[in-house]
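Colleague: sequence and predicted structure below; questions after.
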Amino acid sequence: MKFAFRKMLVYRLVSDSNKKTEEYKRIRDINGAVFPIKAEDLMMSEGNPAEMYKLFANDYSDVKATDKIEYDGEVYIVSKLRKYRGGGLARLEAIIIKPNN
């Protein structure tokens, strides 16, 4: 399968104790791609498969569960992460969910 990684915006949920609110703040950009979820990933996840996707990224230095990813005009929430490092390379695979709103 051939694909090109593109820029993704990463947002983190941040609390403001003065306002007593939480909101997403942009924390960084990464390069990655989003694909429909495969059957083997569905077996280990809960939720609606129509709203679930798989994220592949070549940089994961500050991506966490519950982060919001903006990619190709769509918004996703990071659900489950797997981080790999070996041979001088690092990559991220994550299950991401497209919210209904």
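Modeller: In hand now; what should we look at? Residues are numbered from 1 along each chain as shown.
Colleague: so Pro99, which state does it fall into?
Modeller: Look at Pro99: counting by DSSP: H, G, I helix; E, B strand; the rest coil, its state is coil.
Colleague: low-confidence stretches in the protein?
Modeller: Confidence mapping of the chain against pLDDT under 70 gives the ranges 1-3, 39-50, 59-61, 101.
Colleague: now do the helices in it.
Modeller: Using DSSP state H, the helices of the chain run over 39-42.
Colleague: skipping adjacent residues, who's closest to Leu55 in space?
Modeller: Ala94 (4.4 Å; CB to CB, 6 or more residues apart in numbering). No exception for glycine: its C-beta is placed from N, CA and C like everyone else's.
Colleague: I'd say the one you found and Arg82 touch.
Modeller: Yes: Ala94 is in contact with Arg82 according to CB atoms under 8 Å; the separation is 7.0 Å.
Colleague: how many other residues sit next to Tyr71?
Modeller: 20 (other CB atoms under 10 Å).
Colleague: please identify the nearest residue in space to the most centrally placed residue in the chain, excluding sequence neighbours.
Modeller: Residue closest to the mean C-alpha point of the chain, counted by CA atoms, centre = their mean, is Val78 at 4.0 Å. In this structure, Val78 finds its nearest non-sequential neighbour in Asp67, 4.6 Å apart by CB to CB, 6+ apart.
Colleague: now for the one you found: which residues touch it?
Modeller: Contacts here follow CB atoms under 8 Å, 6 or more residues apart in numbering; on that basis Asp67 touches 10-13, 27, 77-78.
Colleague: distance check, it against Glu74.
Modeller: 15 Å (CB to CB, to the nearest Å).
Colleague: same check on Val63?
Modeller: Taken as CB to CB, the span from Val63 to Glu74 is 17 Å.
Colleague: just to check, Arg82 is in contact with Ala90?
Modeller: No: contact criterion CB under 8 Å: Arg82 and Ala90 do not qualify, at 11.7 Å.
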